[in-house]
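Student: Just to be clear, the model below is a prediction. Sequence and coordinates:
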Amino acid sequence: MDSDLVEGIPHRPPMHWLDDAVLQADGTVAAHSTISAEHPFLTGGRLPRSALIEMIAQTAACAGVATAAGRAGRGMLIGLRDVAIAGAPAAGERVELRVKMIQRIGNMFLCEGSASVGGREIVHGQFSLVWLPA
């Protein structure tokens, strides 16, 4: 796990849900999370949709870290747009997350994000976050 990227997630366990996060050469942040049977939000063996949004927000916070050029602080989700959710992962499934920065204005970022399970996209949309100084 890229510890520098993960430090941008404002949560700590049990609310820190990414297993790893890596900055790709094209600027995309790729992350993944394997849903444990002990996940605090698991309901009926499945992760609720709001938890998927949170995992993408955590990945977006990592993308904010990657573009913050060493500025101390943390990323926080502030908005969603055109988000479509087509499934919910079950305990034991691996969720692949991808976030690409689209635009940056000052300390605000617009990202395109997605989540997939078994090669099938289950979430896609735009996510806005703000970089908060330490």
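Tutor: Arrived safely.
Student: Just the element for residue 79, please.
Tutor: Assigned by DSSP states H and E, residue 79 falls within strand 73-85.
Student: Quick check: residue 128 vs residue 11, distance?
Tutor: Using Cβ to Cβ, to the nearest Å, residue 128 is found at 18 Å from residue 11. (Each C-beta comes from the backbone N, C-alpha and C, glycine too.)
Student: the more surrounded of the two?
Tutor: residue 128 (18 against 14; other Cβ atoms under 10 Å).
Student: my read: residue 80 touches residue 129, true?
Tutor: No: when contacts are counted by Cβ atoms under 8 Å, residue 80 is not listed as touching residue 129 (10.6 Å).
Student: Between these two, tell me which one has more neighbours.
Tutor: With neighbours defined as other Cβ under 10 Å, residue 80 and residue 129 compare such that residue 129 has more, 24 against 14.
Student: Confirm that that one sits in a strand.
Tutor: Yes: Residue 129: assigned to a strand according to DSSP: H, G, I helix; E, B strand; the rest coil.
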